[in-house]
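Participant: Quick one, fold the following:
(4 chains)
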2 protein chains.
Amino acid sequence: MKKTSIKDIAKHLNVSVPTVSLVMNGRGDEKRISQETQKKILDYAKAQNYKPNVFAKGLKKGRSEMIGLIIPNISDVFYARIASRIEKEAAKQGYTVIYSSSEESGKKERELIRSMLDRQVEGLIIASTQKNEVDILELKRMNFPFVLVDRHYPNIETDYVIVDNKGGTDKAVSHLLSCGMTKIGFVTLTPELDAIKNRFLGYKSALENHGIAFNPGYVQELNVENYEQEMYGAIDRLINSEPPIDSILFTTHFLTAFGLRELRARQIRVPEDVKIISYGQYSVFDLIEPPITAVTQPVLDMGDQAVDILLGKLKGRSNENSQVVLETDFISRKSCCDER
Amino acid sequence: MKKTSIKDIAKHLNVSVPTVSLVMNGRGDEKRISQETQKKILDYAKAQNYKPNVFAKGLKKGRSEMIGLIIPNISDVFYARIASRIEKEAAKQGYTVIYSSSEESGKKERELIRSMLDRQVEGLIIASTQKNEVDILELKRMNFPFVLVDRHYPNIETDYVIVDNKGGTDKAVSHLLSCGMTKIGFVTLTPELDAIKNRFLGYKSALENHGIAFNPGYVQELNVENYEQEMYGAIDRLINSEPPIDSILFTTHFLTAFGLRELRARQIRVPEDVKIISYGQYSVFDLIEPPITAVTQPVLDMGDQAVDILLGKLKGRSNENSQVVLETDFISRKSCCDER
DNA sequence: CACAACAGCCAAATCGTTTTGGCAAATAAG
DNA sequence: CTTATTTGCCAAAACGATTTGGCTGTTGTG
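Facilitator: Residues are numbered from 1 along each chain as shown, chains lettered A, B, ... in the order given. From the prediction side, this is the model:
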């Protein structure tokens, strides 16, 4: 039960291989193959369930109809949802996705980029570690189609789809201030990623705009590799700070979860003793006690747009760079001053 | 800056194409190519950063070094974690993963299987919709390497890695019974999947083993497409049943989340009025009020073993079927009678 | 009726590998 | 000094498609 090839079809119908190829690619009319012959070929091909060999096609045309997706970690809900959307959109347009996780390692990211290029993907969507300026520049230099998603390199001109991180934390802080909180702790990651830096900027600028002095002691930066251990000390320092904090803004969904565990362990009540807001969310944040007020990111939109831009480039539409910054949403719940 | 091909290398070094090919594939010694020539070739290849063209290679060898992963939905944490593990393990052994979501549609699943075969994947890992007996049989008939994960076809002999669903719910019910609960509601999906059927069997057999009569009115089956809407009625019927339930076992993580929302909306207190247990979990179940007692599934293990079995087959190790049933874990928290 | 134009198809080259079946020169054996 | 063996390499075919540049035979034009 070998797969039927173009040659089999040609032989069986007493036509030449090129004729079959042309017809199968819809170029029969253009090349003046008679309707009769065309029909004969198409019918037989369908009957035999003929599928062109992707390798032969790829070899000849240099096109693979695959795109590569490189993300830090697909088991994170956030990236999983982006990936899901990307796969769905790409499939609609006939592209298959191959994915790999960089695990926040610049080295791994670089290997993945290379290996995907070796596999002849036609384009890349990357949520970069941002430790890899060289490779991004190289991709750019090669004029290879790619789109950065969620994380971009601020000083390289590329296509990207990101979130207004600064606006997001600004919203959160403004909300806290409007509840009368002024001693706002900020639990974040070490600012390697631009997104994280911007979340800090949003925090700072919101304070500034409301005339509240910035207290560096309120800022706790944890290492992404080790935040579970470091959370203990961070919360410790915040509640023992002078003056003690009255609220905390966590900059990622997982920081919020671990921070909350730590607060609970110390019997600190939320929101009575300390109000909290999360930048980023889990789907069950509404079920937590208290339900968590959160800034949410437009995950699905991000996936959709990334694919759109990439496929647009592949299909030759538009050559200029698309730089999309999506706005966050804000869900007010009980962990802050809201009674909803 | 065209990519260097084997031909370029051959020409530059005044050797023949086959010589280069053999050396690059480590068959130089076997084919008695002198060390000198070998070194020359390897050095130049490295210098030119030569990478074989995957299409040409694939065309000739019929091997793609890709495996396909078909899951219902990659944005579900459960499958995302499996996928993450599969990708990682496969990468270690030089395989690339292409994935697609079937969205619980048998038709889509069948298309995906075909399209992945067209793409010449060497093997498949499938968390099947179980609506596709024909295709699975066909794969078997073709002797195509594949492993079912999480969901299998009980009456087809295949390789699979699944979870002891029955044992899981048995544990849960036994725990409830040991807390003195005897009127146990069972909120589940319509039993299309074998896994869901087995969760029901575990429920029933645990009751039986403890001499508790089975009350069909306690069983609520929701449609997976529409469970959010149907949850309202389900909870309604359970609390108005005769006698009213004292506890509920939900059979998936998302049913638990929606069920809990519904209980809250009616001001039913957990665990005071109704105790609940979840089969399956979210990572933040400990933060919910009350923290949710849950049966947890060995997700990572499942991914690991699936890849192991598949790659084992691809590499010709072992020909018999591997049928792995993994045990669940149980985490006791406050939503049940435990005070932890 | 000669020639041009067109309809309808095909031969051969090509993409970059791998694999089979050698062949020439050097060395060893008799 | 033959003959056999080994060493070191290569030519050519093959994988399955696409593409270029034709080549026939029919129809139309002057």
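Participant: how far is stretch A:15-24 from where the chain is centred?
Facilitator: On the basis of Cα atoms, centre = their mean, to the nearest Å, stretch A:15-24 sits 42 Å off its chain's mean C-alpha point.
Participant: What segments of chain A are strands?
Facilitator: According to DSSP state E, chain A carries its strands in the segments A:66-71, A:96-101, A:123-126, A:146-149, A:160-163, A:184-189, A:219-222, A:247-250, A:275-279, A:293-296, A:323-326, A:329-331.
Participant: So for residue A:137, which of these sits nearest?
Facilitator: Proximity to residue A:137 (Cβ to Cβ) singles out strand A:146-149 among the strands of chain A, at 11.6 Å. Just so you know, the C-beta spots here come from the backbone N, C-alpha and C atoms, and that holds for glycine as well.
Participant: hmm, the closest one in reach of chain B?
Facilitator: No - in this structure, strand A:146-149 remains apart from chain B according to Cβ under 8 Å from any Cβ of the partner chain; the gap is never smaller than 15.2 Å.
Participant: contacting residues for residue A:337?
Facilitator: Contact criterion Cβ atoms under 8 Å, 6 or more residues apart in numbering or on different chains gives A:176, A:178, A:179, A:180, A:181, A:271, A:275 as the residues in contact with residue A:337.
Participant: List the beta-bridge partners for the last one.
Facilitator: What it means is residue A:275. Beta bridges link residue A:275 to residue A:247 when assigned by DSSP bridges.
Participant: Does it touch residue A:181 like I think?
Facilitator: Yes - using Cβ atoms under 8 Å as the test, residue A:275 is close enough to residue A:181 to be in contact (6.0 Å).
Participant: Give the residues shared as contacts by these two.
Facilitator: Both residue A:275 and residue A:181 are in contact with A:246, A:247, A:337, where contact means Cβ under 8 Å, 6+ apart.
Participant: Tabulate these (JSON lines), appending pLDDT and distance to DNA strand C.
Facilitator: Below are those laid out as JSON lines (pLDDT from 0 to 100; distance: Cβ to the nearest atom of the strand, whole Å):
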{"residue": "A:246", "pLDDT": "95", "distance to DNA strand C": "64"}
{"residue": "A:247", "pLDDT": "96", "distance to DNA strand C": "60"}
{"residue": "A:337", "pLDDT": "82", "distance to DNA strand C": "64"}
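Participant: Tell me the one among those residues nearest to DNA strand D.
Facilitator: For the shared contacts of residue A:275 and residue A:181, the residue nearest DNA strand D by Cβ to the nearest atom of the strand is residue A:247; the value is 62.1 Å.
Participant: start to end distance for stretch A:146-161?
Facilitator: Using Cα to Cα, to the nearest Å, the gap from the first to the last residue of stretch A:146-161 comes to 11 Å.
Participant: Repeat that for stretch A:84-98.
Facilitator: Calculated as Cα to Cα, the first-to-last residue distance of stretch A:84-98 is 12 Å.
Participant: Please see if that stretch touches DNA strand D.
Facilitator: No - using Cβ under 7 Å from any atom of the strand as the criterion, no contacts between stretch A:84-98 and DNA strand D are found, and the smallest distance is 13.8 Å.
Participant: Whether that stretch contacts chain B - can you check?
Facilitator: Yes - judged by Cβ under 8 Å from any Cβ, stretch A:84-98 comes into contact with chain B through A:84, A:85, A:87, A:88, A:91, A:96, A:97, A:98.
Participant: could you point out where the stretch 1-150 of chain A is predicted with low confidence?
Facilitator: Within the stretch 1-150 of chain A, the ranges that satisfy pLDDT under 70 run A:1-2.
Participant: Adding mean neighbour count and distance to residue A:48, write the strands of chain A out as a markdown table.
Facilitator: Converted to a markdown table, these look like this (neighbours: other Cβ atoms under 10 Å in any protein chain shown; distance: least, Cβ to Cβ, whole Å):
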| stretch | mean neighbour count | distance to residue A:48 |
| --- | --- | --- |
| strand A:66-71 | 26 | 25 |
| strand A:96-101 | 24 | 23 |
| strand A:123-126 | 25 | 32 |
| strand A:146-149 | 26 | 38 |
| strand A:160-163 | 25 | 43 |
| strand A:184-189 | 24 | 56 |
| strand A:219-222 | 20 | 60 |
| strand A:247-250 | 30 | 59 |
| strand A:275-279 | 27 | 56 |
| strand A:293-296 | 25 | 51 |
| strand A:323-326 | 15 | 45 |
| strand A:329-331 | 15 | 52 |
